[in-house]
Structure formats: structure tokens, C-alpha cells
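Enquirer: no FASTA, just this:
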């Protein structure tokens with residue numbers, strides 16, 4: 001039956017008769033099987049090949065596949081698209097001053113980190129990715145599991161709830177713990193309703209095999225006794241008590257989005273449903289699974305297709321070539337025939353390496369035959385070797401064709417040639433990365449959706465006391481916050497005290513930091529109110545995950561290094577202008593934040609940049625000031641000493657010049673006296 005025919009079937013509401021209700025849903029389940037019948041056969045065949053080969057005619061699994069290209073490609077693709085559990089990255093949706101939004105994001109991020117570490121998130125998501133690569137679809141579901149304990153009275157006895165007439169009293173219980181469980185859904189245990197898009201699907205279903213104890217725990221002893229059990233083959237002669245330990249019942253769990261009900265039906269008991277619950281999860285979207293992960297997207301249908309189906313013809317050709325290679329290798333050895341009377345031929349093959357010459361009898365007979373070589377015939381191994389070389393070349397060409405179809409380049413497989421340049425290898429890696437980006441994005445999207453679903457379940461079901469225990473954050477309760485605000489208001493209304501010495505009003509004492517923090521911080525009740533509201537939570541916070549792709553790690557680190565270099569270069573160049581007052585700190589922060597956001601460096605780096613403050617003017621170092629004063633005093637002392645030395649030198653020069661002046665004066669006086677005598 002085609003998808004269009006399934007969609008045209010009128011889905012009537014539940015009839016009043018329970019048997020009609022069960023029959024209607026069993027028909028829905030059968031139609032879902034018919035809609036994906038071809039894919040289920042292909043998926044089963046793919047897993048058989050992946051695990052060693054399709055079964056033989058007698059039903060035994062084959063383990064002698066010559067070249068299991070499906071296993072090889074799967075083991076290469078799996079670490080290329082998923083190699084680590086995604087880490088939650090919860091932040092405020094808008095970069096404004098929102099203490100409540102910041103508190104909600106911190107609580108959710110810590111709670112999600114705890115869930116990932118304690119619920120084996122990595123293996124669960126890896127199983128889903130493996131299903132996606134092998135069969136074409138991967139599914140993960142989320143469960144909420146609270147744990148209850150009876151409430152005890154003062155005497156240590158369990159308290160009983162009031163009961164109606166004809167019913168046994170039940171013990172009062174209280175919730176002692178709660179957790180969010182992540183489970184992988186096996187590919188053949190999931191069904192869905194008709195629809196060409198995931199948003200059009202009206203219902204989803206899961207198939208279970210419950211034993212007798214699980215039936216009693218889920219549906220009660222009365223209903224569990226009515227459900228027949230199925231037993232494995234070969235247990236017909238076992239006693240009923242022995243069969244009960246191994247018997248299971250097929251139970252179908254259906255999540256109907258139209259009625260917001262969860263319905264449990266047994267295929268062996270059709271008188272009525274085993275259980276009907278009304279919206280047990282209370283989450284946005286109703287379903288406990290995110291949109292399934294698909295390996296190949298199709299705009300006309302959401303029926304999955306295995307990747308192996310795209311290159312199955314070439315894979316079969318590769319298997320035939322590999323089988324021929326194995327057959328030829330088995331016969332490609334030295335063989336021949338010789339005259340039975342030539343016992344020396346056997347001795348020639350069996351002798352040690354240091355035996356050079358072997359005597360031969362009746363040589364004249366072989367001379368008459370044309371020589372010893374006429375008595376020996378060797379199988380033409382050279383021709384077989386040529387065929388083997390051609391088969392190896394055909395095998396390599398077939399593998400290269402498959403790698404081109406799947407987008408697995410030799411660089412991704414770790415195979416390369418020494419003669420290739422670094423540029424050629426880089427181009428191959430980029431091409432292989434482009435071919436894998438579609439599947440990588442799908443895995444990243446699936447991990448993010450699983451994280452959002454876990455957060456949705458936590459916000460819907462968890463009490464704020466549970467969040468406080470998981471996160472360890474010290475937010476006040478509503479009562480504590482109100483008390484702190486009242487104390488602050490009372491302190492503000494207190495009149496200022498007067499200093500008895502000066503008669504002036506003294507400044508009020510600073511408020512207690514703990515009380516001020518409690519008054520300004522959001523309370524747990526306010527945080528819980530936002531988290532339980534799907535609309536307010538989506539308005540305030542955004543839940544994302546980090547990258548799960550190993551191939552982009554090197555590129556991310558290179559981009560991070562370039563971003564850090566750009567930020568440091570800009571800040572270093574702008575620092576003189578900032579110190580001189582020509583550039584404001586707001587301009588530097590805006591440019592640095594723009595670089596950090598473009599490089600996706602994370603909220604921690606952005607918060608650190610936003611906290612940068614205007615640097616204070618540089619204060620002179622006391623030691624440097626003292627050294628400068630001492631240097632100045634030294635210069636003054638030196639100048640004074642230089643002046644004294646200069647004055648002394650001038651006096652000495654005057655003293656030296658004085659006798660010359662006296663002599664010149666004396667000579668001048670003598671000349672005058674001589675002139676007077678002559679006169």
C-alpha cells in the first residue's frame with residue numbers, strides 16, 4: 001500500500017467498544033508495516049551483511065565474505081560523523097541584562113551536563129548513529145522515571161489514604177527522586193503513522209516484549225493474567241512453571257497525537273487496551289522522541305533508505321571479484337608432472353638449499369627424448385599471475401567507484417600516496433568533508449534535538465528542589481528573597497545617626513552582601529515558573545550543543561587562533577589611543593565582541609570581553625619617583641660641584657694670569673721711566 005493510500009484512510013475516533021478500539025489500532029500498525037515493508041527488508045539485509053554476511057540456505061550466518069565493504073565504510077563513517085558526546089550550551093537568547101534568563105540558562109546547562117554524564121548518553125547516541133548509517137534511520141527516546149516511597153507516620157507505619165467502599169486502602173507515597181532516562185530504539189521496533197513530512201505524522205509506536213513480571217508491574221495482576229505469553233521454539237514439552245521464566249508477550253505502545261493519549265495494546269489479547277494514559281510527559285510536541293535521524297533525505301517521503309542501497313550493485317561486483325581472487329590464489333602455486341622413473345625430481349624439490357648437484361641415472365634415455373625438460377611439465381603460473389594482477393586492478397577500481405559514491409576520500413580513510421603534494425591532499429580532505437557535511441549536520445541536529453527534549457522533560461517534571469540538588473546553585477527561595485527585601489527596605493527607612501562629636505549625620509552602614517545578593521537574585525520559584533512554561537523558556541534561553549565533528553576540530557582551532565590574534569592585535573594598536581583619551585573603551589569592546597561572535601568563541605569569552613573596564617590612569621611607582629628625585633638631587637649636587645670646580649679653575653687662571661699682568665705693568669713702567677731719563 002502506498003503512502004498516498006494510507007493517508008486517505010479515514011482515522012475514526014475510538015469506538016465505545018474496547019475490542020473495536022484495539023482492532024482499529026492493530027490495523028494502523030499493519031498499515032505502518034506495509035508502508036515500510038521494502039525498507040525493512042533492505043535494513044535487515046544490510047545488518048546481516050554488516051555482521052558478517054547474509055545467512056546461507058540452512059540459516060547459519062556467513063562469516064566468509066571476501067570483502068565486506070559495508071562494514072569497512074560504516075567503521076569509517078561512524079567516527080567521521082560522531083566521535084564524542086555533545087555538550088550542552090545553554091545561553092540567553094538575547095544579549096540583554098536579564099538575571100532571570102541567566103539563572104535559567106545556568107540551571108538548565110548544569111542539569112543537562114549531569115544527565116549526559118549519568119545516563120550513558122554517548123553510547124545511546126552512537127547506537128542511533130550506527131542504525132542511521134546501516135539502515136538509514138536512527139531513533140532515540142526519552143523517559144521520565146520518578147521513584148516513590150511510602151509516607152511514614154510517627155509510629156513508623158505507612159500512612160493510608162482514604163478509600164471508597166469496596167476498594168482496598170492504599171498507602172500514601174511521596175516522590176523521593178526523579179531522573180530522565182535516554183534509550184536507543186532499535187530500528188525494527190519503531191513504527192509511525194502516514195505522512196510525507198515528520199510534522200504530518202499523526203502517531204508513533206514502539207514494540208515491546210514483556211515477561212510476566214513486567215506485565216504485572218505495568219498493568220496489574222488481573223490484566224497480566226489475561227495476556228498470553230509466547231515461548232521460544234523447542235519449549236513445547238517444558239512444564240508451565242518452566243515456561244513462565246522465558247515467555248514474553250508482544251505489547252504495542254502507541255502515542256496518538258490527535259487525542260494526546262498513550263495506548264498499550266497486546267497482540268495476543270484483543271478484548272481491550274491494557275492501559276490508556278492522557279499526556280503522561282506533558283511536554284511541548286507530546287512525543288518522547290525527536291525527529292528521527294535520516295541518512296538520505298527525500299522531499300517526497302520520510303521512508304528511510306539505507307546508504308548501502310546506493311552502491312549495492314558495485315558492492316556485489318566487488319564481492320565477485322574478491323571471490324575470484326581468493327579462488328585463483330588457492331591454485332596459484334608451483335605444480336607440474338614428471339616421469340615416474342625420475343626419482344631425482346622429488347629429491348630436487350626436497351633437498352636443502354646447500355645441495356648444489358643431484359646425480360641423475362639413465363641420462364641417455366632423456367637425451368634421446370630431447371632433454372630432461374621434456375620429461376617434466378610445469379603448470380603455467382605466469383598466465384595465472386597475469387589474471388590475478390588484472391583482478392586486483394579491477395578490485396581497486398571498483399573500490400574507488402564505491403568511495404566516490406559514498407564520498408569517502410582516501411584522506412578520510414587514512415590512505416594516501418607519498419608523491420602527492422600537500423595541496424592535493426588538502427583538496428581531497430576538503431572535498432571529502434563537503435560530501436560528509438550533510439550527514440554531519442544531521443547528527444548534530446539530532447543531538448541538539450535530543451538535548452532539547454531532555455530539557456523539556458526536566459522542566460516539565462522536575463521540582464525546583466531537584467534542580468537545586470543537581471546544580472548546587474545557591475539561589476534564595478521566595479520566602480528568603482522577600483525577607484531580604486524587607487530588611488533592605490527597613491534599613492533604608494531608618495533615619496541617619498548623628499555623630500556626637502561633630503553633630504553631623506553619619507552615612508548609613510553598607511548592607512550585608514549576602515542579604516543584598518538574596519534580595520537581587522531571582523528565587524527558585526521564579527526560575528521554576530519560567531522553566532515550566534514552554535513559551536517563557538523558549539523566549540529567554542536557547543539550547544544548543546557544541547560541535548561533535550572531529551574533522552572540523554583542526555579548522556576550528558586555526559580559526560580560534562586567528563580570532564585571538566586579531567583581537568590582541570587590535571587591542572594593542574588601540575591602547576595608545578585609549579590612554580590618551582582619543583578612543584573609548586566601548587569602541588574596543590564592540591570590535592572585540594564582533595570578532596568573538598563571528599568566530600563563535602562562546603559565551604564565556606563574550607562575557608569576559610563585556611566585563612572589560614576603562615583602565616585607571618597609571619600611578620607613578622614610588623620607587624621610580626624616589627629614584628628620579630635622587631637622580632635630580634644628584635644632578636643638582638653634581639652641578640654645584642661642577643660650579644665650584646669651575647670657580648676654582650677661574651681663580652687659578654686668574655692667579656696664573658696675575659704675574660703676567662704685573663710683569664707687563666712693570667715693563668710698561670720701565671719704558672716710561674726710560675723715556676723720562678732720556679728727556
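Expert: Done, it's in. For clarity, every value in this text was computed on a predicted model and none was experimentally measured.
Enquirer: just the pLDDT for residue 613.
Expert: Model confidence at residue 613, given as pLDDT, is 70.
Enquirer: buried sites along stretch 445-458?
Expert: 446-458 (16 or more other Cβ atoms under 10 Å). Glycine gets a C-beta too; all of them are placed from N, C-alpha and C.
Enquirer: tell me the first helix or strand C-terminal of the helix or strand bottoming out on mean pLDDT in the chain.
Expert: Here the helix or strand of the chain ranked lowest by mean pLDDT, DSSP states H and E is helix 3-7, holding a mean of 48. With elements assigned by DSSP states H and E, the helix or strand that comes after helix 3-7 is helix 18-35.
Enquirer: which strands or helices does that following helix pack on?
Expert: helix 3-7, strand 190-192, strand 203-210, strand 249-256, strand 261-266 (3 or more Cβ pairs under 8 Å, 6 or more residues apart in numbering; DSSP states H and E).
Enquirer: where along this protein do the strands fall?
Expert: Using DSSP state E, the strands of the chain run over 88-92, 137-150, 173-185, 190-192, 203-210, 249-256, 261-266, 275-278, 293-294, 336-338, 376-378, 541-545.
Enquirer: sheet-wise, list the partners of the third one with their directions.
Expert: Spelled out, it's strand 173-185. strand 137-150 (antiparallel) (DSSP bridges).
Enquirer: and what of the fourth one?
Expert: Within its sheet, and counting by DSSP bridges, strand 190-192 is paired with strand 203-210 (antiparallel).
Enquirer: between the strand it pairs with and strand 249-256, how big is the angle?
Expert: 160 degrees (axes from the mean of the first three to the mean of the last three Cα atoms, to 10 degrees).
Enquirer: pull the residues that contact strand 203-210.
Expert: Strand 203-210 is contacted by residues 28-29, 32, 141, 185, 188-193, 218, 248-258, 287, 289 when judged by Cβ atoms under 8 Å, 6 or more residues apart in numbering.
Enquirer: buried subset of the residues you listed?
Expert: Taking 16+ other Cβ under 10 Å as the criterion, what is buried in the contacts of strand 203-210 is 28-29, 32, 141, 185, 190-193, 218, 248-256, 287, 289.
Enquirer: where does the stretch 451-600 of the chain dip in pLDDT?
Expert: Per-residue confidence for the stretch 451-600 of the chain (pLDDT under 70) gives these ranges: 547-560, 597-600.
Enquirer: just the helices in it please.
Expert: Assigned by DSSP state H, counting those that start in this stretch, the helices in the stretch 451-600 of the chain fall at 464-471, 478-493, 513-520, 524-532, 534-540, 553-580, 585-598.
Enquirer: how about TSV for the ones you listed, with distance to residue 405 added?
Expert: Below are the helices of the stretch 451-600 of the chain laid out as TSV (distance: least, Cβ to Cβ, whole Å):
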stretch	distance to residue 405
helix 464-471	47
helix 478-493	62
helix 513-520	61
helix 524-532	47
helix 534-540	41
helix 553-580	25
helix 585-598	36
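Enquirer: among these, which is nearest residue 402?
Expert: helix 553-580 (26.7 Å; Cβ to Cβ).
Enquirer: packing partners for the closest one?
Expert: Counting contacts by 3+ Cβ pairs under 8 Å, 6+ apart, helix 553-580 packs against helix 585-598.
Enquirer: next, the angle from the helix it packs on to helix 553-580.
Expert: With the same axes, to 10 degrees applied, the angle from helix 585-598 to helix 553-580 works out at 180 degrees.
Enquirer: helices or strands next to helix 585-598 in the packing?
Expert: helix 553-580, helix 603-610.
Enquirer: hang on, the earlier thing: can you lay out the helices of the stretch 451-600 of the chain as JSON lines showing mean neighbour count?
Expert: Formatted as JSON lines, those follow (neighbours: other Cβ atoms under 10 Å):
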{"stretch": "helix 464-471", "mean neighbour count": "17"}
{"stretch": "helix 478-493", "mean neighbour count": "14"}
{"stretch": "helix 513-520", "mean neighbour count": "15"}
{"stretch": "helix 524-532", "mean neighbour count": "19"}
{"stretch": "helix 534-540", "mean neighbour count": "16"}
{"stretch": "helix 553-580", "mean neighbour count": "13"}
{"stretch": "helix 585-598", "mean neighbour count": "15"}
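Enquirer: who wins for proximity to residue 134 among these?
Expert: helix 553-580 (25.5 Å).
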